[in-house]
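Participant: Take a look and give me a structure for this.
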Amino acid sequence: MTPQDAWYPAVAGVPDAAMARRRRAGRIIFWTLTGLAAAVMAGGLVFAAASLRPYTDPARSMQNTVAPGTRFLVEPGSALRRGDLVLFPFPGPAPGRAGQVLKRLIGLPGDHVACCDVRGRVTVDGRALDETYLYPRDPPSTLSFSVALRSGQAWVLGDHRSISYDSREYGPVRLGSITGRVVLIAGHGSFTFAPVRTPRTFVADGLAPPDQRAVWPVRPLAAASAGLGALIILGLFGLIRVLLRRAGRQPA
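Facilitator: You can find the predicted model right below:
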């Protein structure tokens, strides 16, 4: 006997044909609800997985934040903030350079980005950055620059500043060309991922709000959780009905 058969136990005076019709209707309802719950769960998981794309960075320009060979997940099309780690196609031809590159977003359209102030720091709209994420003993920049970013432009720099090939050489990148921001990052050979948050200096300088962005796509995962919950409830309901029906058939 299946769980659906237990939905409509035998009732005195009810013809067998009517009971069969009721049980058939119960099976249809049960499997329809089960199918819908499974579809919602699977669809939520698929959309969540599609919202994050895996990449591996082979370069050294983002050490020590992202070591060569580190795996990370990128959320495409997300709202970008100063301080984000962003992935974008390499802007323009250069020998031995191609594909996607990873840098830190320093300036957005309308910003004035410069280096260096009297203490050798990068500034954004006159506010100096305390770049604790830089590679040890790297200066903020060995090249001077002062750029007013126009509409659709972004300024990007590597964290291993002394070897990074970035906006100091090829200028601002198109904001619209950015593939997305890094939301999760793992160490080489690690199976655990940690969220990437806005560095404190950007928040302290008022250049970015406190980072409370969800790491995982919330809505698809919520749908998947709801589908899973519905499947569990349906399974328990069917099991309880089976047990009650069997208990009712036991001799007194």
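Participant: and Val122, what does it touch?
Facilitator: For Val122, the contacting residues are Ile106, Val113, Ala114, Cys115, Cys116, Ala128, Leu129, Glu131, Pro140, Ser141, Leu157, by C-beta atoms under 8 Å, 6 or more residues apart in numbering. (Glycine included, C-beta is placed from N, CA and C.)
Participant: for the stretch 51-200 of the chain, what spans make up the helices?
Facilitator: Along the stretch 51-200 of the chain, the segments classed as helices by DSSP state H, counting those that start in this stretch run 167-170, 200-204.
Participant: between the contacts of Val122, which is nearest Leu207?
Facilitator: Leu129 (8.2 Å; C-beta to C-beta).
Participant: Number of residues surrounding the closest one?
Facilitator: 25 (other C-beta atoms under 10 Å).
Participant: In this structure it contacts Thr123, no?
Facilitator: Yes. Using C-beta atoms under 8 Å, Leu129 is in contact with Thr123, at 7.0 Å.
Participant: related to what we said a few turns ago, which among the helices of the stretch 51-200 of the chain is found nearest to Arg23?
Facilitator: With respect to Arg23, and counting by C-beta to C-beta, the nearest of the helices of the stretch 51-200 of the chain is helix 200-204 at 61.9 Å.
Participant: Next SSE downstream of that closest one?
Facilitator: helix 218-249 (DSSP states H and E).
Participant: if we can go back for a sec, between the contacts of Val122, which has the least confident prediction?
Facilitator: For the contacts of Val122, the model is least confident at Cys116; its pLDDT is 93.
Participant: Now for that one, how many residues are close by?
Facilitator: By the measure other C-beta under 10 Å, the count of residues near Cys116 is 18.
Participant: correct me, but it touches Pro140?
Facilitator: Yes. Using C-beta under 8 Å, Cys116 is in contact with Pro140, at 6.1 Å.
Participant: Pretty sure Asp130 sits against Thr201.
Facilitator: Yes. Applying C-beta under 8 Å, one finds Asp130 in contact with Thr201, separated by 4.3 Å.
Participant: Tell me where this structure has strands.
Facilitator: Ranges of strands within the chain are 53-57, 70-76, 85-89, 100-107, 112-115, 123-124, 127-128, 145-148, 153-157, 173-174, 180-185, 194-195, based on DSSP state E.
Participant: Neighbour count for Asp130 and Thr201, which is higher?
Facilitator: Thr201 (21 against 15).
Participant: start to end distance for stretch 89-101?
Facilitator: Using C-alpha to C-alpha, to the nearest Å, one end of stretch 89-101 lies 6 Å from the other.
Participant: Just the mean pLDDT for that stretch, thanks.
Facilitator: Mean predicted confidence for stretch 89-101 is 70.
Participant: again with stretch 196-210
Facilitator: Average pLDDT, stretch 196-210: 95.
Participant: Number the chain from 16, please
Facilitator: Okay, using 16 as the starting number, the last item reads as stretch 211-225.
Participant: Return that stretch as PDB; C-alpha atoms alone will do.
Facilitator: Presented in PDB, the C-alpha positions along stretch 211-225 are these (Å, rounded to 0.1, in the frame of the first residue of the first chain):
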ATOM      1  CA  VAL A 211      34.400  38.900   0.700                       C
ATOM      2  CA  ARG A 212      33.500  42.100   2.400                       C
ATOM      3  CA  THR A 213      34.200  45.800   1.800                       C
ATOM      4  CA  PRO A 214      37.500  46.800   3.400                       C
ATOM      5  CA  ARG A 215      37.100  48.900   6.500                       C
ATOM      6  CA  THR A 216      38.900  51.900   5.100                       C
ATOM      7  CA  PHE A 217      36.200  52.500   2.400                       C
ATOM      8  CA  VAL A 218      33.500  52.400   5.100                       C
ATOM      9  CA  ALA A 219      35.400  54.600   7.500                       C
ATOM     10  CA  ASP A 220      36.000  57.200   4.800                       C
ATOM     11  CA  GLY A 221      32.300  57.300   3.800                       C
ATOM     12  CA  LEU A 222      33.100  55.800   0.400                       C
ATOM     13  CA  ALA A 223      31.000  52.700   0.800                       C
ATOM     14  CA  PRO A 224      28.200  51.700   3.300                       C
ATOM     15  CA  PRO A 225      28.700  48.900   5.800                       C
END
